[in-house]
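In: Quick one: sequence plus predicted model below, questions after.
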Amino acid sequence: MPELPNFLIVMSDQHAPGVLGGLGHPAVRTPALDRLMAEAVTFRQAHCPYPMCTPARASFMTGLLAPQHGVWELGTPLPSDLPTWVHVLRRAGYETVLSGHMHFIGRDQWHGFERLAHPGFVTRTSPFAYADWDRPLEFDVPVNEHRLRTAGPRDEPTRNEKFDVPVVNAALKELPRLVERSDRPWLLVVGLIQPHTPYEVSRRFYEPYATAEIPLPRTPPGGKTFEEMIPPQFVGSRRWHGLTSDWATDDQVREARRCYYGMVSEVDELVGRLVARLEELDARRNTWIAYLSDHGDNLGEHGFWAKCNFYEESVRIPWIVSPPGCRHGGAMCDAPVSLIDWMPTVLELTGQKEHFDDLPGRSLLPLLENPAERWENRAIVADYACEGTRVPMRMVRQGRWKACFAPGFSPVLYDLETDPHEWHDRGTDPAVAPVLQSLEACAHADGWDGERLLNEIHRHQRRLRFLDEAERTH
């Protein structure tokens, strides 16, 4: 029987797609990740299945979409009876270790991991309701206005840095123990919180960007404002975040981006430390290394900051996969992939596919063997049903087209080939009605029903609020 490979998986939080030096970004510096890309396949069309932390990670862990795993918002626990790909590896004989952030909620903080090297960023054991659809969406929460006004370098380590550095140090201590034991293969997952908001970073990582040319968000065509270009389906998210960057000065936007790039550079340094230690231990030859994030960050594009929408900057992620002895180092794969694809990949690697016959994802192994494959007809699905909306929303991306559906709203349709920045909604254009109909059929292919889910999510939120209130009662 061939030797089972080991796995080092690094997952950051809110790393926007394309914000890597190796992908040609004009400002950000990521030498360690660029080196990893030279020994890896990089997926340039990687998507999250839900542009918010907890549900996206639940999908990554289980290979399921939100209506299947039921994790709709930040305070929803992942059901303990749902197998994860960590369980799959553990069943195959692996020692499974987590250091840091995976945004598990509830009393089950393990989900297949047998050892915790460092606690997560979120360790809340009580479920809670983050959204409240029983209230009308008539209020603005200018959370990102505050984040933009306070963006800047810090003389002391930031909250995020105080978490990430000990997480990586704990992982570095784990690596020699894992490598030196010979009776079991191993998995080490390192969960970082950067480059998540707030937009602040210590001066050491800020300084390289202090005088750099910082690109500004693209401006709408025809002299229009961001607000004029937002389809009604997305307005709720905009209101929840406040009026985002329509009011902000160019200097404020640049400052927030400088800090974000600084956080990305710190993530890069931490990844570099992990890979270097793996090489020092002579364990690189039989170890898969993957770097990815849970969702993106709009960084001011379309006037949005953070995530919680289906624009490309929010719903896409960086994803680098370096198998042992990668035969296609430096390859860029443009096939559409999703976080839900990791579960079928691990199942195929360990020969356990027969235990799961209804997963919506696809194994990445064919793309790692031939990165030139394009999967042109593959439909990528993402859901959203938390703050900023009062209805469940679903995105379908297939080929050049992206459509977004939500009960009570007209569908949104973008042609990403002629309109890559998603300015022109063609959802009411009769010339492309057949395209929209085809994408709507994809949206409903797994039984998705927005009206039914609307009632289900209301009940779900009420249960969460009840549990939270009960557990906080003295």
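Out: Good, I have the coordinates. Note that the coordinates shown come from a computational prediction; the quantities given were computed from them, not determined experimentally.
In: part of a helix, is Lys402?
Out: No - Lys402 is assigned strand when assessed by DSSP: H, G, I helix; E, B strand; the rest coil, not a helix.
In: what are the bridge partners for it, then?
Out: According to DSSP bridges, the residues that bridge with Lys402 are Arg397, Tyr414.
In: Contact partners for it?
Out: Shown in contact with Lys402 (Cβ atoms under 8 Å, 6 or more residues apart in numbering): Phe310, Met395, Val396, Leu413, Tyr414, Leu416, Glu422. Where C-beta positions appear, they are placed from N, C-alpha and C, glycine not excepted.
In: Which of the helices or strands spans the second one?
Out: Met395 is part of strand 393-398, with elements assigned from DSSP states H and E.
In: distance between that strand and the chain's centre?
Out: Distance, stretch centre to chain centre, for strand 393-398: 16 Å (Cα atoms, centre = their mean, to the nearest Å).
In: May I have the phi/psi pair for Asp282?
Out: Backbone dihedrals for Asp282, given as degrees, to the nearest 10, come out at phi 60, psi 40.
In: Repeat that for the one 10 residues further on.
Out: According to degrees, to the nearest 10, the main-chain angles of Leu292 amount to phi -160, psi 180.
In: And Phe409, how far from Tyr260?
Out: Counting by Cβ to Cβ, to the nearest Å, the gap from Phe409 to Tyr260 is 31 Å.
In: picking up where we left off before, just the buried subset of the contacts of Lys402, written out for PyMOL, thanks.
Out: The following PyMOL line selects those of those that are buried, judged by 16 or more other Cβ atoms under 10 Å:
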select buried, resi 310+395+396+413+414+422
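In: need the contacts of Lys402 in CSV with distance to Met52 and pLDDT, can you?
Out: Listed next are those as CSV, based on distance: Cβ to Cβ, whole Å; pLDDT from 0 to 100:
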residue, distance to Met52, pLDDT
Phe310, 12, 97
Met395, 13, 98
Val396, 18, 98
Leu413, 23, 98
Tyr414, 21, 98
Leu416, 22, 98
Glu422, 19, 98
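In: What is the most widely separated pair among the contacts of Lys402?
Out: Within these, two members stand farthest from each other by Cβ to Cβ: Val396 and Glu422, at 14.3 Å.
In: can you give me the strands for the stretch 101-250 of the chain?
Out: Taking DSSP state E, counting those that start in this stretch as the test, the strands found in the stretch 101-250 of the chain are 115-118, 152-154, 186-191, 200-202.
In: Please name the strands paired to the third one in the sheet, noting orientation.
Out: Just to be clear, that refers to strand 186-191. Using DSSP bridges, the strands paired with strand 186-191 are strand 6-12 (parallel), strand 95-100 (parallel).
In: Including mean pLDDT and distance to Pro79, could those go into JSON lines?
Out: Below are the strands paired with strand 186-191 laid out as JSON lines (pLDDT from 0 to 100; distance: least, Cβ to Cβ, whole Å):
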{"stretch": "strand 6-12", "mean pLDDT": "98", "distance to Pro79": "21"}
{"stretch": "strand 95-100", "mean pLDDT": "98", "distance to Pro79": "18"}
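In: so which of those strands gets nearest Trp247?
Out: Per Cβ to Cβ, nearest to Trp247 of the strands paired with strand 186-191: strand 6-12, 29.0 Å.
In: And the pLDDT at Gly191?
Out: We have a pLDDT of 98 for Gly191.
In: Quick check: bridge partners of it?
Out: Beta-bridge partners, per DSSP bridges, of Gly191: Met11, Gly100.
In: thought it was touching Gln109?
Out: No - with contact defined as Cβ atoms under 8 Å, Gly191 does not count as touching Gln109 (11.9 Å).
In: what's the closest non-adjacent residue to Trp72?
Out: Excluding the flanking residues, the one nearest Trp72 by Cβ to Cβ, 6 or more residues apart in numbering is Ala385, at 5.2 Å.
In: contacting residues around the one you found?
Out: Counted by Cβ under 8 Å, 6+ apart, Ala385 has contacts Ala66, Trp72, Glu73, Ala131, Val391, Pro392, Met393, Leu453, Ile457.
In: Make JSON lines out of these and add pLDDT, distance to Leu82 and neighbour count.
Out: Formatted as JSON lines, these follow (pLDDT from 0 to 100; distance: Cβ to Cβ, whole Å; neighbours: other Cβ atoms under 10 Å):
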{"residue": "Ala66", "pLDDT": "98", "distance to Leu82": "12", "neighbour count": "28"}
{"residue": "Trp72", "pLDDT": "97", "distance to Leu82": "14", "neighbour count": "28"}
{"residue": "Glu73", "pLDDT": "93", "distance to Leu82": "17", "neighbour count": "25"}
{"residue": "Ala131", "pLDDT": "87", "distance to Leu82": "22", "neighbour count": "22"}
{"residue": "Val391", "pLDDT": "96", "distance to Leu82": "25", "neighbour count": "19"}
{"residue": "Pro392", "pLDDT": "98", "distance to Leu82": "20", "neighbour count": "25"}
{"residue": "Met393", "pLDDT": "98", "distance to Leu82": "23", "neighbour count": "26"}
{"residue": "Leu453", "pLDDT": "98", "distance to Leu82": "18", "neighbour count": "21"}
{"residue": "Ile457", "pLDDT": "97", "distance to Leu82": "18", "neighbour count": "22"}
